[in-house]
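coordinates for the following, if possible.
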Amino acid sequence: MAALVPFPAPRVPREPEPLWRHLAGAQLRRRRHDRGDTLIETAATAGVSPQYLSEIERGLKEPSSEILAAVAGALDLSLLELTSAIATELQRSDAGKGGAGSAQAMAGRSGSQAAFVLAA
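Now for the predicted structure:
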């Protein structure tokens with residue numbers, strides 16, 4: 001007689017992850033405020049319009065890598081520093097939810113290490 005095969009457990013829907021443009025924009029705005037720079041000053045240094053920089057900071061525009069580098073540079077940030085800050089924010093957010101990148105989930109993986117690679 002054939003063995004019964006159980007149905008797989010139903011998947012629990014995950015909360016959608018935040019969009020990169022929202023995280024990048026928030027991080028750029030936070031850095032600009034920390035420095036005490038105005039939107040106009042940072043935009044002029046980066047070579048973009050204040051309106052466009054405002055849209056980037058609010059997560060309404062998806063800037064190219066060149067624009068992202070220019071704005072980050074205007075804030076004395078490297079792309080590595082910017083992406084690392086965003087990755088840290090994502091990890092904190094995921095850890096609070098117990099997601100796949102959280103400490104709880106990582107502890108369940110025997111002998112594996114958490115790693116990420118970001119390319120500009």
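
what comes up buried for the longest helix seen in the chain?
Counting residues, the longest helix found in the chain (DSSP state H) is helix 79-97. Neighbour-count burial for helix 79-97, counted by 16 or more other CB atoms under 10 Å, picks out 82-83, 85-86, 90-91, 93-94. In this view, the C-beta of every residue, glycine as well, is placed from N, C-alpha and C.

for residue 62, phi and psi?
Dihedral angles of residue 62 (phi, psi; degrees, to the nearest 10) stand at phi -100, psi 100.

distance from the longest helix of the chain to the middle of the chain?
Its chain's C-alpha centre and that of helix 79-97 lie 6 Å apart, by CA atoms, centre = their mean, to the nearest Å.

can I get that helix in CSV, CA atoms only?
Written as CSV, here are the backbone C-alpha positions of helix 79-97 (Å, rounded to 0.1, in the frame of the first residue of the first chain):
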residue,chain,number,x,y,z
LEU,A,79,28.6,54.9,-1.1
LEU,A,80,29.9,52.2,1.2
GLU,A,81,29.0,54.2,4.3
LEU,A,82,25.5,54.9,2.9
THR,A,83,24.8,51.3,1.9
SER,A,84,26.1,50.0,5.2
ALA,A,85,23.9,52.4,7.2
ILE,A,86,20.9,51.2,5.1
ALA,A,87,21.8,47.5,5.5
THR,A,88,22.1,48.0,9.3
GLU,A,89,18.7,49.6,9.3
LEU,A,90,17.2,46.7,7.4
GLN,A,91,18.8,44.2,9.7
ARG,A,92,17.4,46.0,12.8
SER,A,93,13.9,46.1,11.1
ASP,A,94,14.1,42.4,10.2
ALA,A,95,15.4,41.3,13.6
GLY,A,96,12.5,43.1,15.3
LYS,A,97,10.1,41.0,13.2
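
in stretch 16-26, what's buried?
So for stretch 16-26, counting by 16+ other CB under 10 Å, buried means 21, 23-26.
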